[in-house]
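Trainee: What follows is a predicted structure for the sequence shown.
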Amino acid sequence: MDILIRPADPTEYEELGEITAQAYLQDGLLTFGESDWYLGELRDVAKRASTSEVLVATQGDELLGGVTYVPSPGPMTDLARTGEAEIRMLAVGRAARGRGAGEALVRACIDRARNAERTGIVLSTQPSMHSAHRIYERLGFRRAPERDWHPIPEDPDFTLLTYELTL
C-alpha cells in the first residue's frame, strides 16, 4: 500500500503531536527529556497549523508521521530568508520507520517550495539525526555550516546544523 502525503486534518493534531513528541523523546533529542520546554511545541500541532502547513504521511488508516512546511518567513521561521521556505519538526513514529514516510514528507515540502517559486528550502537538524541527514543529502540538500545556530542561549554547546537546497 502506498504512502499518502496530505495536509493534516484537525482531528489528527493530537495524534500527530504525540507521534512527534515521542519520536524526539525516544531518540534522545530533547536536552531535558520530559521536562524540556520544546516538548510542548512538538505537541502543539494546532499552533503550527495556524501559520504554516502541517503535512502528514498515512498508509491506509495509519498515521505514520508529519512535518511542518513553512512557505515563507513568519512566526514558525527559524532560518528562512526572503524567498526561502523552511522545513520544521519532521517526525515519523518508530513503528513506521523504514517505509519511506520521512523521505516522502521531505519531497512534498520540496514540491511545495518549487510550486511556490521559492529560491530554496532550509532546515535545522541535530548532529545525531543521521537517518534524517541521509534523506536530506539524497534529495540534494547540502550542509550550510555558516548558518548553524544555537537555539538555547543558556546552552551554547547545543548546536543545530543547517541544510539548504537551492531551487
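Mentor: That came through, no problem. Residues are numbered from 1 along each chain as shown.
Trainee: just so I have it, where are all the helices in the chain?
Mentor: 13-26, 38-43, 45-51, 101-115, 130-138 (DSSP state H).
Trainee: Can you lay out these as a markdown table showing mean neighbour count?
Mentor: For every residue, glycine as well, the C-beta is placed using N, CA and C. Listed next are those as a markdown table, based on neighbours: other C-beta atoms under 10 Å:
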| stretch | mean neighbour count |
| --- | --- |
| helix 13-26 | 19 |
| helix 38-43 | 17 |
| helix 45-51 | 18 |
| helix 101-115 | 20 |
| helix 130-138 | 15 |
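Trainee: List the contacts of R81.
Mentor: Contacts of R81 were listed using C-beta atoms under 8 Å, 6 or more residues apart in numbering, and they are P73, V122.
Trainee: Distance of it relative to Y136?
Mentor: Distance of R81 to Y136, computed by C-beta to C-beta, to the nearest Å: 18 Å.
Trainee: same check, this time on S128
Mentor: 14 Å.
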